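J.: below are the sequence and a predicted model for it; my questions follow.
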Amino acid sequence: MALEKTFVMLKPDALQRGLYGEIISRLEAKGLKFRAAKMFRFTPQLCREHYAHHAGKPFFPKLVEFMCSAPVLALVLEGKDAVNQVRAMCGATDCGKAAPGTIRGDLGLSVQSNLIHASDSRETAEAEIARFFTKEEVTGYPRQAEKSVHSEDELK
């Protein structure tokens, strides 16, 4: 399987609780390559667009309020099976049900304040990356450690 890109967003609670570094370290330790990063504060309009699939649900207004409450850190990561790898690392949306060893299982406290968003498919990743980054902001670069992470056969 070739390398793929995925979108990850560290939420306001990750910033407020000082967990950006811990979460980033876990993602890097998994061999994922950072291709872009941007800290910004959601506008209500952009937040409603990003979470449009939740519009009409009872928790939607509180979700928008929470996501606009402090800056987020948007990331583009690349790796072998990156979408599935990151989703597995995140754990269940409800932190109380997330397995130990996952980001939410070890660090999360609630359903809404669950630290991290990760794309759920390649198609979603492409759309989310395009929503938050220009093509010029997503960079490519060689990394010496890549030769130690996956064999050429694994990436075919």
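T.: Now that the structure is in, tell me what you want to look at. In this text the structure is predicted, and so the values were computed from the model without any measurement.
J.: going forward, measure contacts between C-alpha atoms and count neighbours the same way
T.: OK.
J.: so for the helix or strand hosting A127, mean pLDDT?
T.: Take DSSP states H and E as the rule and A127 turns out to sit in helix 122-132. Taken as a whole, helix 122-132 has a mean pLDDT of 98.
J.: CA-only coordinates of it in CSV, if you can.
T.: The C-alpha trace of helix 122-132 is given here as CSV (Å, rounded to 0.1, in the frame of the first residue of the first chain):
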residue,chain,number,x,y,z
ARG,A,122,-9.3,8.9,2.1
GLU,A,123,-12.1,10.9,0.4
THR,A,124,-12.9,12.8,3.6
ALA,A,125,-9.2,13.4,4.2
GLU,A,126,-8.9,15.0,0.7
ALA,A,127,-11.9,17.2,1.3
GLU,A,128,-10.7,18.2,4.8
ILE,A,129,-7.2,18.9,3.7
ALA,A,130,-8.5,21.1,0.9
ARG,A,131,-10.8,22.9,3.3
PHE,A,132,-8.0,24.0,5.6
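J.: and the closest residue to A88 other than its chain neighbours, how far is that from M9?
T.: Leaving aside its sequence neighbours, A88 sits nearest to T102 (CA to CA, 6 or more residues apart in numbering; 7.4 Å). Between T102 and M9 the computed distance is 16 Å (CA to CA, to the nearest Å).
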